[in-house]
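**Q** quick one, fold the following:
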Amino acid sequence: MHTGCAILAAGASRRLGQPKQLVEIAGEPLVRRVAQLAREAGCEHVGVVIGCQGPAVTAALSSVPCELLDNAEWPEGIAASVRVAARWASDRRFDALMLLVCDQLNLSAGHLSQLWSLWQAAPETAVASTYASAVGVPTIFPRAYYGALLQLHGDQGAARLLRAGPVTQVAWPEGEAELDTPEDLARLAH
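**A** As a prediction, the model looks like this:
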């Protein structure tokens, strides 16, 4: 199977007050950490959607083999980044696209590998993580979803597509730990 993994790292992190993709854990920026986890999970093609803080995010990824995917429409919200990722996947003719974000603190290569394994067992069905009573990222979308992903707009991700339809759900309670607010950052520092 020919697959890709896109990390959505174009946002301004307004609630946090600083670019979350550049927050460091153990001296490593989150965006680089997630890109490396994707590679460890066997993702051959890793793309990182950049926008706000593009040069700094690019510098943080200098040692990681990945493609930089420019999102000039990043102020619109996450849908603009999803569209960039879906265009990349469509242009590259990937059979499936995994979407990741930078702020899930408990992300592991093991969880990503589990998602890929489940998708390979049913390659026409989306596979998504579930936590905090929601279905979300990391998510794998088969090629049949690309058209719908390209139609998303605003500051809403692809969750409505997952609610509409067949999706293999993987319980991942650890996914609830996110970096969104200054309080989250303060907890991370302790």
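**Q** quick one: pLDDT of the closest residue to residue 52 other than its chain neighbours?
**A** With CB to CB, 6 or more residues apart in numbering as the measure, residue 12 is the residue that lies nearest to residue 52, at 4.4 Å, once sequence neighbours are left out. For every residue, glycine as well, the C-beta is placed using N, CA and C. In the predicted model, residue 12 carries a pLDDT score of 91.
**Q** doesn't residue 12 lie inside a helix?
**A** No - secondary structure of residue 12 (DSSP: H, G, I helix; E, B strand; the rest coil): coil, not part of a helix.
**Q** which residues touch it?
**A** Contacts here follow CB atoms under 8 Å, 6 or more residues apart in numbering; on that basis residue 12 touches 19, 52-53, 74-75.
**Q** which one of these is nearest residue 158?
**A** residue 74 (16.6 Å; CB to CB).
**Q** pretty sure the closest one sits against residue 83.
**A** No - contact criterion CB atoms under 8 Å: residue 74 and residue 83 do not qualify, at 10.9 Å.
**Q** now the buried members of the contacts of residue 12.
**A** Burial of these was assessed by neighbour count (16 or more other CB atoms under 10 Å); the buried members are 19, 52-53, 74.
**Q** which other residues reach stretch 99-115?
**A** Residues outside stretch 99-115 that contact it (CB under 8 Å, 6+ apart): 5-9, 20-21, 25, 30-31, 34, 37-38, 40-43, 82, 85, 98, 127, 129, 137-141, 157-158, 170, 172, 174-175, 177-180, 188.
**Q** contacting residues for the nearest residue to residue 53 once chain neighbours are set aside?
**A** Nearest-residue entry for residue 53: residue 19, 4.5 Å, with adjacent residues in sequence omitted and distances by CB to CB, 6+ apart. Shown in contact with residue 19 (CB under 8 Å, 6+ apart): 12-13, 52-53, 56-57.
**Q** cheers, nothing more for now.
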